[in-house]
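> Model the following, please.
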Amino acid sequence: EVQLVESGGGLVQPGGLRRLSCAASGFTFSSYHMRWVRQAPGKEFERVSAVNLGGDTTEYTDSVKGRFTISRDNAKNMLYLEMNSLKSEDTAVYYCVRLGSMGTYDLWGQGTQVTVSS
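This next block holds a predicted model:
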């Protein structure tokens, strides 16, 4: 089955850290650029971070630059998001997303909730 499964969400205090993981299966993971996308309560989806096929080129939305790190392990079919210095505004459901050949997000995980609160 072609799927993405996220894990690692939960409740974390402001200033804390969290590592999200995404397990890919059913397709050739190394052939796809990957993204982390989040949706905060009552807000639109926001692209948080992007990584290229080999993992050597990354991009971040301005609000997370210097705090979040995206990475991938193609041998293990895994995508990661290391989140540091978390803020309340980082509270959201985080999705692992595949960028399809047409430039669209063609495969989504089920999402994992991250709540930053004291």
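> Count the residues that sit near residue 16.
The tally of other residues near residue 16 (other CB atoms under 10 Å) stands at 14. (Glycine included, C-beta is placed from N, CA and C.)
> which residues of this structure fall in strands?
3-7, 10-12, 18-25, 34-39, 45-51, 58-60, 68-73, 78-83, 92-99, 105-108, 112-116 (DSSP state E).
> between the first one and strand 34-39, how big is the angle?
Interaxial angle of strand 3-7 relative to strand 34-39 (axes from the mean of the first three to the mean of the last three CA atoms, to 10 degrees): 60 degrees.
> From the rest of the structure, what touches strand 3-7?
Outside of strand 3-7, the residues within contact range by CB atoms under 8 Å, 6 or more residues apart in numbering are 20-26, 79, 94-98, 107-112.
> And residue 67, how close does it get to residue 88?
According to CB to CB, to the nearest Å, residue 67 stands 13 Å off from residue 88.
> These two - which one has more neighbours?
Counted by other CB under 10 Å, residue 67 and residue 88 do not tie: residue 67 has more neighbours, with 15 against 10.
> if I read this right, that one contacts residue 84, doesn't it?
Yes. Here residue 67 lies in contact with residue 84, judged by CB atoms under 8 Å, at a distance of 5.1 Å.
> and the gap between the most centrally placed residue in the chain and residue 118?
In the chain, the C-alpha nearest the mean C-alpha coordinate belongs to residue 36, at 2.8 Å (CA atoms, centre = their mean). Remark: distance between residue 36 and residue 118 (CB to CB) = 24 Å.
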